[in-house]
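Engineer: Just to be clear, the model below is a prediction. Sequence and coordinates:
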Amino acid sequence: MRYTPAFFLSFLALAYQATADTTFINDQFVHGVWSPVGSPYVIQRDVSIEREDTLVIEADVEVLFNGPRGLIVSGFLFARGAAESKILFREMRDQAWRCIFAGVGSTPTLWLEHCILEGAQGWFEGQGAINIETRDADVHINNCEFRRNWIAILIGTTIPQRTVIIQNCFFDLNYYGVSIRSESLIRISNCMFIRQDRSGEILRIGAQGVTFIDNCLFINSLMESSGNIGIFANSIFVSGLQISINQGDGMGSPFIYCSFDTSENAVLPYEQFDDFGVLDRTNANGDSTDRYGNLFLDPRIVDGWQWPDTNFLSPDSPCIDAGDPEADPDPDGTIADIGPFFFPQGNLAVDPREVYLESLEGASSDTLFISNIGLRNLSVRRVVLESETPDAFVLFGGIEDEQFLEPGDSMWVYVVFRAEADGEYEANVVIESDDRDEARVEIPVRGKSLAIPDNDGIGIPPYAMHLSAFPNPFNATLQLHYTLPRPGWW
């Protein structure tokens, strides 16, 4: 046999990969801490975490499976990466690995955060990269990515007694996304599913458990259910959607406050659920919905494949504020949006956003209205005036101590311009709050003074001026603001 130079180069590169800072796992039982210092960790055989034992895998670690090997968890597995330093589980030399297996007869804990799982085939045919086959498993899967697996996550035939939580995850290029075969409580939220293989399914529910799926995005999706499909809420279905449910006709829809693709190749259960797709009402945005709050419009999401930097809502999306009004509000305090990413809207509203004052003689003023337009209380921590010429501006109603505004409430402050010399002046009204998107707002204030008389040397204003009442004349307490031509004069 003749070997080409390319063969030797690839062999040397592979040998270097397997020896530089590499830890080979040859023992059957593993525990302790796998840190980046020893990464990558090459698993040479099937390994196990025994009962009462714990394996901690730190951020920025690679776990490579040399052939069809797997990790059996009977104890505790904590694999907690970070957004910029994920943990990678993948095959070595393009040969599929088996899975992370929570087996029958054990009480394991699996806690995976910011992990990537690629190229798993399962222990046996029909198993996933993560296999849960025990009733006592405590499973939390958060901010993980599943790619090129036969099945990404399999919830098996044994009935888990605890809730399985899957959230903020990305499923791409898997033959099956999530396969649920147990009568368990499954919660899948804020996930994105993309089906590339037209013969595979993105979601299969084959049991009578309770599956609650909310705020997810399904692209090119085929879903099949031979059991109880559960509840889908605040989720988006686009591009080639096909839904097949063996649940009987004449039932209420399991889809509530969702957005559906209505292209020609979409297959939807219009006839299966009472009034599904019958647009006989409108939502708070004025868009037509069925009685379940479902939209049948283009969701107007930003296209792309890079999770999570794309596939969010565009500013004109009908999905904004179109979710379940009884659900928890979005982090910005507004009504829940449909889909995994809410469109950020502020709680804080300030009107006007710019102030211009001009004084020919005396003082001129304007009012700033500070309002809470969200659904939760807004903490206004400071309202102050910042200027390099503080004598030219006065702020009435400013605060240095925290003040709360309930949803729909407002407060207002007054800016008075009273420069004693001709010229143009600038200042900022600074508003600091706990608003998620605008914790600090600066409202520019510009003033222009022209031909100001000051014959008596008493300064501006030359006459008394009564300003508006704060907060309003109908409250139990009332503040009156006014300007005087000289101190103590009334």
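Structural biologist: The structure has been received and is ready for your questions. Residues are numbered from 1 along each chain as shown.
Engineer: From here on, just use CA atoms for contacts and neighbour counts.
Structural biologist: OK.
Engineer: give me the number of residues near Leu405?
Structural biologist: A count of nearby residues for Leu405, using other CA atoms under 10 Å, gives 18.
Engineer: typed the wrong thing, it's Phe78
Structural biologist: The local packing of Phe78 (other CA under 10 Å) involves 17 other residues.
Engineer: That one should be in a strand, yeah?
Structural biologist: Yes: counting by DSSP: H, G, I helix; E, B strand; the rest coil, Phe78 is part of a strand.
Engineer: quick one: it from Glu58, how far?
Structural biologist: Using CA to CA, to the nearest Å, Phe78 is found at 8 Å from Glu58.
Engineer: what's the helix or strand hosting Phe218 in contact with?
Structural biologist: Applying DSSP states H and E as the criterion places Phe218 in strand 217-219. Contact with strand 217-219 is made by 190-195, 235-241, 339-340, as judged by CA atoms under 8 Å, 6 or more residues apart in numbering.
Engineer: Who wins on neighbours among those residues?
Structural biologist: Gly339 (33 neighbours).
Engineer: any idea how far that residue is from Leu297?
Structural biologist: Gly339 sits 14 Å away from Leu297, taking CA to CA as the criterion.
Engineer: follow-up on the earlier one: report the two of the contacts of strand 217-219 separated the most.
Structural biologist: Asn190 and Gly240 (20.4 Å; CA to CA).
Engineer: Please enumerate the helices of the chain.
Structural biologist: Using DSSP state H, the helices of the chain run over residues 5-19.
Engineer: Spatially central residue in it, please.
Structural biologist: The centre of the chain sits closest to Phe341, judged by CA atoms, centre = their mean, with a distance of 4.8 Å.
Engineer: Now do the phi/psi pair for that residue.
Structural biologist: For Phe341, the backbone dihedrals are phi -120, psi 120 (criterion: degrees, to the nearest 10).
Engineer: give me the number of residues near the closest residue to it other than its chain neighbours?
Structural biologist: Among residues not flanking Phe341 along the chain, Phe312 sits closest, at 5.6 Å (CA to CA, 6 or more residues apart in numbering). When counting by other CA under 10 Å, one arrives at 21 neighbours for Phe312.
Engineer: And Gly286, by the same measure?
Structural biologist: If you count neighbours by other CA under 10 Å, Gly286 ends up with 10.
Engineer: same question, Asn428
Structural biologist: 19.
Engineer: For the nearest residue to it once chain neighbours are set aside, give me its contacts.
Structural biologist: In space, and not counting its chain neighbours, Asn428 is closest to Pro444: 4.6 Å by CA to CA, 6+ apart. The neighbours of Pro444, taking CA under 8 Å, 6+ apart as the test, are Arg353, Glu354, Val355, Glu426, Ala427, Asn428, Val429.
Engineer: Going through the residues you listed, which ones are buried?
Structural biologist: Val355, Glu426, Ala427, Asn428, Val429 (16 or more other CA atoms under 10 Å).
Engineer: State the distance from the fourth one to Ala59.
Structural biologist: Going from Asn428 to Ala59 by CA to CA gives 44 Å.
Engineer: same check, this time on the last one
Structural biologist: Going from Val429 to Ala59 by CA to CA gives 44 Å.
Engineer: Parallel or antiparallel, which strands does the strand holding Phe218 pair with?
Structural biologist: Using DSSP bridges, strand 217-219 pairs in its sheet with strand 192-194 (parallel), strand 236-238 (parallel).
Engineer: Please enumerate the strands of the stretch 351-490 of the chain.
Structural biologist: 355-359, 364-372, 378-386, 393-396, 403-405, 410-417, 423-433, 440-449, 465-470, 479-483 (DSSP state E, counting those that start in this stretch).
Engineer: tell me which strands and helices the shortest one is in contact with?
Structural biologist: When you say that, I think you mean strand 403-405. Counting contacts by 3 or more CA pairs under 8 Å, 6 or more residues apart in numbering; DSSP states H and E, strand 403-405 is packed against strand 378-386.
Engineer: chain center to the strand it packs on, what's the gap?
Structural biologist: The chain centroid and the centroid of strand 378-386 are separated by 28 Å, computed with CA atoms, centre = their mean, to the nearest Å.
Engineer: Return it as CSV; C-alpha atoms alone will do.
Structural biologist: C-alpha atoms of strand 378-386 as CSV (Å, rounded to 0.1, in the frame of the first residue of the first chain):
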residue,chain,number,x,y,z
LEU,A,378,-41.1,50.9,37.7
SER,A,379,-38.4,52.2,40.1
VAL,A,380,-37.4,55.7,39.2
ARG,A,381,-34.2,56.2,41.2
ARG,A,382,-33.0,59.7,40.2
VAL,A,383,-34.2,62.6,38.1
VAL,A,384,-31.5,65.3,38.1
LEU,A,385,-30.3,68.2,35.9
GLU,A,386,-26.7,68.1,34.6
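Engineer: I'd like to check the angle between it and strand 410-417, please.
Structural biologist: Angle between the axes of strand 378-386 and strand 410-417 is 0 degrees (criterion: axes from the mean of the first three to the mean of the last three CA atoms, to 10 degrees).
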